[in-house]
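1. Take a look and give me a structure for this.
(one chain, ligands or ions: 1)
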Amino acid sequence: MAARIRAEFLHSWAAYEQYAWGHDELKPLSHDVRDWYGESLLMTPVDALDTLLLMGAHDEAEKAKALILERLSFDKDISVKNFEITIRLLGGLLSSYQMTGDSRLLRLADDLGTRLLPAFNSPTGMPYMYVNLKTGKTSGSRSNPAEIGTLILEFGTLSRLTHKPVYFEKAKNALVQLYRRRSKIGLVGDEIDVETGEWVSSTSHVGGGIDSYYEYLLKCARLFDDRDCQSMWNTSIRAVNKYLADKTPTGLWYGEADMNSGKRTATQFGALHAFLPAVLDLGGDTDRARRLQQSCFRMWTLHGIEPEVLDYKTMQVVSPGYQLRPEIIESAYYLYRDTGDPRYLDMGRTFFESLVTHCRTDAGYTTLKSVVTKEKGDLMPSYFLAETLKYLYLLFAPAKTLDLNRVTFNTEAHPLRRVR
Ligand code: DMJ
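-> Next up is the predicted model:
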């Protein structure tokens, strides 16, 4: 299985090389490219480099690294999303630096970190959504917990490696400021104004816009031995389990509730929510993690591949696309490494066969517009190579390929090691 997954990774990488070399992302059906900001920031090569290294694809890794070192420049007059650039580029550069020891990758990370720092210059210290890489001009005062609270692993590691505490301090302050604004019952909403510190939306859930905030509370405690993060995680996960968890005839799910009253507002769960079994398991709650992963698997097998959003009460698809997302595979990987239960390998086989059957094209893999009709979209997001195929590969590869006890994955599956 590991060899088959590696072969599919190389099929996808070859397509990127052939049709999109030097661009952010490949559009596999049209053989066209997608550059997020008009000019390329090498999203796919930076995101994919540590997967190439882990899979032992030495020639491809060398070529990708050479491209990055030759062409990647952040001296660009573009306004970028702080969160996406941090998790994909800063995270990718840092893990590749730790894996290769090539200090030029760290220099790029340091330069990028410096350019992103103005994002934190809001009245509350919570970052604006966008920052211009050349001028430092910020925009986007309405943000969300995921974009505010998913920065500390990357900024913290950068601090440790460069001996510049400012990165860690800014990201930690943002996390604390957000946590302080939780409701009386301990939940957060899914939109907040970083200038006023007021919530714009009081809808609470564990899906997109909030998801990785929780992930980083726990992982910050783990990577940096940070007691504040540990205590913020303990308090937060208690509230999440109390108000968002929903035991139904179709299994355990985590739905939506109002952050102030705790009242259930919707019974929706989707591909992004499927990160939670991994995080619950990492936090020591294997029982809930296992039960939730069973529900996620049910969501996957309903139409032969998972929808973006499902109503778990009616089991009707709410949002039918499949964006080549990794979360459910990531959870199978954590659970397999923790429990050794072969059911997670079986799940992995199902995930892989579905991907090959429905998403494979002559030029890499593509998204689906609908898991019901299986109509294809036209994009291979960089996280497909950074995360989806990496977690799938690691699920089947010998455990020694990567010791999970010695790394902490950022939310884009870039493994970060502790820095003494
Ligand atoms: C990735 O960029 C990250 O995993 C992020 O946390 C959520 N969205 C995508 C994958 O689905």
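
2. tell me the contacts of the residue nearest to Pro415 when sequence neighbours are not counted?
-> Counting by Cβ to Cβ, 6 or more residues apart in numbering, Val407 is the residue found nearest to Pro415 once chain neighbours are left out, at 3.8 Å. Using the backbone N, CA and C atoms, a C-beta is placed for each residue, glycine as well. Residues in contact with Val407 (Cβ atoms under 8 Å, 6 or more residues apart in numbering) are 415-417.

3. Which ones among these lie within helices?
-> Among the contacts of Val407, none falls in helices (DSSP state H).

4. how far away is the residue nearest to Pro415 from the ligand?
-> As defined by Cβ to the nearest ligand atom, to the nearest Å, Val407 lies at a distance of 16 Å from the ligand.

5. in the sheet, who's paired with that residue?
-> Arg417 (DSSP bridges).

6. longest helix anywhere in this structure?
-> helix 2-20.

7. how about the helices of the stretch 251-400 of the chain, start to end?
-> Secondary structure of the stretch 251-400 of the chain (DSSP state H, counting those that start in this stretch): helices located at 276-282, 286-302, 327-339, 343-359, 382-383, 389-396.

8. So for the ligand, which of those sits nearest?
-> Smallest distance to the ligand across the helices of the stretch 251-400 of the chain (Cβ to the nearest ligand atom): 4.3 Å, for helix 382-383.

9. Indicate whether the closest one makes contact with the ligand.
-> Yes - Helix 382-383 lies within reach of the ligand by Cβ under 6 Å from any ligand atom, at Tyr383.

10. so what does that helix touch, helix or strand wise?
-> helix 43-54 (3 or more Cβ pairs under 8 Å, 6 or more residues apart in numbering; DSSP states H and E).

11. Would you mind getting the angle between the helix it packs on and helix 389-396?
-> If you take axes from the mean of the first three to the mean of the last three Cα atoms, to 10 degrees, helix 43-54 sits at 20 degrees to helix 389-396.

12. Residues contacting helix 43-54, please?
-> Outside helix 43-54, the residues touching it (Cβ under 8 Å, 6+ apart) are 9, 13, 16, 20, 23-26, 36, 60-61, 64-65, 67-68, 72, 88-89, 92-93, 95-96, 99-100, 380, 382-383, 385-386, 389-390, 393-394, 401-402, 412-415.

13. Filter these down to just the buried residues.
-> Neighbour counting with 16 or more other Cβ atoms under 10 Å marks 9, 13, 16, 20, 23-26, 36, 60-61, 64-65, 67-68, 72, 88-89, 92-93, 95-96, 99-100, 380, 382-383, 385-386, 389-390, 393-394, 402, 412-415 as buried within those.
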